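In: model this:
(one chain, ligands or ions: 4)
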Amino acid sequence: MSKIPVLEIFGPTIQGEGMIVGRKTMFVRTAGCDYHCTWCDSAFTWDGSAKADIVQMTSDQIWQQLKEVGGNQFDHVTISGGNPALLAALDIFIDLLQEKGIEVALETQGSQYQQWFLKINDLTISPKPPSSKMKTNWEKLDYIIDQLAINGRLAHTSLKVVIFDREDFQYAEKVHQRYPEVAFFLQVGNDDVEEVDAQQLSRHLLNKYEWLIDQVVASTVLNRVRVLPQVHALIWGNKRGV
Ligand SMILES: C[S@@+](CC[C@H](N)C(=O)[O-])C[C@H]1O[C@@H](n2cnc3c(N)ncnc32)[C@H](O)[C@@H]1O
Ligand SMILES: Nc1nc2[nH]cc(C(=O)O)c2c(=O)[nH]1
Ligand code: SF4
Ligand SMILES: [Mg+2]
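Out: Ligands and ions are numbered 1, 2, ... in the order given. Okay, here's the model as predicted:
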């Protein structure tokens, strides 16, 4: 049976971002990413620094560990990474979770499609703005949104763009104009992923949140949108596993 490279299993905590912000959830973080965003807050999933911590696990083993860590205190699991959309093997893991009555969320950047996207309860696609130094493959993204639309999954889908500057903001406007039918979220970019003082970071990020709200308020393109900080970063700063 094909295995899944896992770096972290943690929770329960709250989903700190996007379409289901505040939802109590467990996290499974997979290793490996086809991108390398300049500001990635989870760079350890792809930069080699946590290579020794990667565990190749079967779906059953991941489920066992979720139960060990989370007990009966959860009914929702978020799969993030790295880019979990690189892993065809997640298909059976998602089935297993849903058979157990668990709802499943997925975080991915929209660079890769998987048929099993159609089963995800809360699918977040987060295309990367210019500040990341990554280049959006628009044809790929069109294809993904198209598949989700054709299969009636848009109610379970959102787009989330992280914003660091005005250029990113203009990119966000372009994304929303291209896919107006998809729920759209703007997220405050954390430009200080090394800060160890959570209160210091929180104050800094709240100032950036205010700036982002001001930009959205002034926009004529971004009207049916939501603007959010990373709630977990406001509370716990750059701490891992929360
Ligand atoms: C670590 S990524 C993993 C999933 C997938 N690779 C992706 O980027 O969507 C999870 C989310 O965190 C966001 N993110 C990463 N670094 C960030 C930062 N420094 N500030 C704000 N959001 C960040 C990403 O844009 C993405 O929406
Ligand atoms: N609490 C919490 N919420 C999150 N939402 C997305 C996360 C991620 O790293 O994908 C994340 C995370 O790492 N922690
Ligand atoms: S796509 Fe996601 S995990 Fe990959 S480098 Fe960018 S933010 Fe990090
Ligand atoms: Mg994170």
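In: list the helices and strands the strand ranked longest in the chain packs on?
Out: If you go by DSSP state E, the chain has its longest strand at strand 4-14. Packing contacts for strand 4-14, counted by 3 or more C-beta pairs under 8 Å, 6 or more residues apart in numbering; DSSP states H and E, involve strand 24-30, strand 55-57, helix 59-70, helix 231-236. In short, each C-beta sits where N, CA and C put it, glycine included.
In: So which of the ones you listed is the most surrounded?
Out: Comparing the helices and strands packed on strand 4-14 by mean neighbour count (mean count of other C-beta atoms under 10 Å), strand 24-30 comes out on top with a mean of 23.
In: Just give me how far that one sits from the chain centre.
Out: How far strand 24-30 lies from its chain's middle: 10 Å, per C-alpha atoms, centre = their mean, to the nearest Å.
In: List the neighbouring strands of that strand plus their orientation.
Out: strand 4-14 (antiparallel), strand 76-80 (parallel) (DSSP bridges).
In: before we move on, the earlier item: out of the helices and strands packed on strand 4-14, which is closest to ligand 2?
Out: helix 231-236 (3.5 Å; C-beta to the nearest ligand atom).
In: got the buried residues for the longest strand of the chain?
Out: Residues of strand 4-14 classed as buried: 4, 5, 6, 7, 8, 9, 11, 12, 13, 14 (neighbour count, 16 or more other C-beta atoms under 10 Å).
In: still on that earlier bit, pipe the strands paired with strand 24-30 into JSON lines and attach mean pLDDT per row.
Out: JSON lines is the format used below for the strands paired with strand 24-30 (pLDDT from 0 to 100):
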{"stretch": "strand 4-14", "mean pLDDT": "98"}
{"stretch": "strand 76-80", "mean pLDDT": "99"}
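In: Need those strands in CSV (columns: distance to ligand 1).
Out: Rendered in CSV, the data for the strands paired with strand 24-30 read as follows (distance: least, C-beta to the nearest ligand atom, whole Å):
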stretch, distance to ligand 1
strand 4-14, 11
strand 76-80, 5
